[in-house]
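Trainee: when you get a sec, could you give me coordinates for this:
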Amino acid sequence: MSAHVSSPEITFHPEHSGSTKRIWRTFWVLSILTIFELALGIGIYTIHKGEHPSASMVLLLKGVVCILTLAKAYYIVSIFMHLGDEIRNMIMTIVVPLCLFIWFIIAFLWDGTSWLNLRNRYNGKPVQTEQHQPAATEKGAKD
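Mentor: Okay, the predicted model is just below:
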C-alpha cells in the first residue's frame with residue numbers, strides 16, 4: 001500500500017473561482033460609491049463654510065448622498081444577504097413591509113413637525129376664534 005494516497009476531497013485550486021470574483025466586484029463597487037459619497041460630504045462641508053453658502057446646492061447634494069446610500073443598501077442586501085438570488089415572492093415579503101415601515105417613519109415625523117410648528121406658533125397663548133352669532137329669524141326680527 002502506498003503512503004502517498006491522495007484523497008479526492010482534498011484539493012487546492014490557486015485560481016480564483018466565480019464566487020471570489022463576485023466578492024471583489026462587490027468590494028470595488030461599494031468602495032467607489034463610498035469614496036464618491038465622502039467627496040460629496042466634503043463638498044457639502046465646504047459649501048456650508050464658504051462665504052456665500054447655497055442652500056439649494058446643499059439640499060441637492062444631500063439628496064444625491066441619500067440616493068447613493070439607498071443604492072449601497074440595496075446592493076449590500078442583494079449580495080451579502082443573497083436576496084438577489086431569491087424568487088420574487090420572497091423578495092416582496094421582505095421589501096413591502098420595509099417600505100411600509102419607512103412610510104410610517106416619514107408620516108410620524110411629518111405629523112410631529114406639524115404639531116411642533118403649531119405649538120411654537122401659538123406659544124401658550126389662547127387661540128382667538130371668531131364666534132358667529134346665529135342669524136336673526138324673521139319672527140325674532142319682527143318682535
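Trainee: can you pull up the most central residue in this protein?
Mentor: Geometric centre of the chain, nearest residue: residue 70, 5.4 Å, by CA atoms, centre = their mean.
Trainee: mind giving me the domain split of this structure?
Mentor: 18-85, 87-122 (automatic domain parsing).
Trainee: now the longest one, how far from the centre of its chain.
Mentor: Pointing back at domain 18-85 there. Distance of domain 18-85 from the chain centroid (CA atoms, centre = their mean, to the nearest Å) equals 12 Å.
Trainee: near the residue nearest to residue 78 when sequence neighbours are not counted, how many other residues are there?
Mentor: Counting by CB to CB, 6 or more residues apart in numbering, residue 84 is the residue found nearest to residue 78 once chain neighbours are left out, at 3.6 Å. Placement of C-beta: from N, CA and C, glycine included. Using other CB atoms under 10 Å, residue 84 has 12 neighbouring residues.
Trainee: kindly state the pLDDT recorded for residue 84?
Mentor: Residue 84 is assigned 78 on the pLDDT scale.
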